[in-house]
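Trainee: Sequence below, structure please.
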Amino acid sequence: MRHITTALTISLISGAVFAEQRNAGSHVHGLNHATIVLEGNRLQIAYEFPAEQLGEQGHEEHKHEEHKHEEHGDKAHELSEKLETIESIFSMVRLPDNAQCKETEVTHSLTQVGGSDTTHAGHSDALIQATLECGAPENLMNLSFAPAFDRFDDLEKIEVEGVIGNKALSETLTATSSSLAL
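Mentor: Prediction:
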């Protein structure tokens with residue numbers, strides 16, 4: 001029952017957050033989303049971002065290549081392979097060592113954004129979802145998203161939503177303020 005509650009919480013929160021940002025299926029560059037749910041010693045993190053960030057070398061290059069689309073199948077396969085190289089949620093978020101959190105499951109997926117109009121055809125979002133078991137969840141006093149800002153050149157902000165025990169959280173992080181107090 002607890003797994004169902006947690007999964008439902010993540011689904012509801014992520015749906016509301018992403019719907020708010022995606023007016024009519026728009027594709028938002030420079031904005032990533034994270035959803036965090038802590039229930040007991042189980043921590044679930046979902047991190048979503050434009051899949052184009054997987055291949056970027058810098059923001060200026062991305063601007064010039066943004067609307068040159070390859071065959072969707074080839075691009076999706078290439079992006080999927082790049083996404084799979086991110087083996088751990090710890091590539092996006094850093095947790096306090098004394099919380100003793102270990103990943104028990106990590107999944108990756110790509111989702112088509114907007115597909116029916118020519119403006120957004122071929123754009124995808126990447127999603128990394130992780131389940132962690134924390135030996136000392138009471139030590140989860142903060143989370144740092146500095147690894148995500150270090151990884152992606154054009155990342156401007158991360159919108160974080162979640163539920164920690166019985167407390168809701170909602171915060172927008174930037175490169176200069178990349179930590180979240182819990």
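Trainee: ok, then the element right after the helix or strand bottoming out on mean pLDDT in the chain?
Mentor: When the helices and strands of the chain are scored by mean pLDDT, DSSP states H and E, helix 59-65 comes last with a mean of 42. Next in sequence after helix 59-65, counting helices and strands by DSSP states H and E, comes helix 72-84.
Trainee: what element comes up after that next one heading to the C-terminus?
Mentor: Per DSSP H and E, the first helix or strand lying C-terminal to helix 72-84 is strand 101-112.
Trainee: Show residues contacting that following strand.
Mentor: Contact partners of strand 101-112, identified using CB atoms under 8 Å, 6 or more residues apart in numbering, comprise 43, 51, 76, 79-80, 83-84, 86-90, 95, 123-135, 137, 140. All C-beta atoms are positioned from the backbone trio N, CA, C, and that covers glycine.
Trainee: Pull up the pairing partners for it, direction included.
Mentor: Applying DSSP bridges, strand 101-112 is found paired with strand 124-134 (antiparallel).
Trainee: what's in contact with the strand it pairs with?
Mentor: For strand 124-134, contacts defined as CB under 8 Å, 6+ apart pick out 27, 38, 41-54, 76, 79, 83, 86, 88-89, 92, 95, 99-113, 140.
Trainee: quick one: buried residues of the helix or strand following it?
Mentor: Downstream of strand 124-134, the next assigned helix or strand under DSSP H and E is strand 142-144. Of the residues in strand 142-144, residue 143 count as buried by neighbour count, 16 or more other CB atoms under 10 Å.
Trainee: Show me what strand 142-144 is packed up against.
Mentor: strand 179-181 (3 or more CB pairs under 8 Å, 6 or more residues apart in numbering; DSSP states H and E).
Trainee: neighbouring strands for the strand it packs on, and are they parallel or not?
Mentor: strand 142-144 (antiparallel).
Trainee: what's the nearest residue to residue 80 if we skip its chain neighbours?
Mentor: Sequence neighbours aside, residue 110 is the residue nearest to residue 80 in space, at 5.7 Å (criterion: CB to CB, 6 or more residues apart in numbering).
Trainee: Noted, bye for now.
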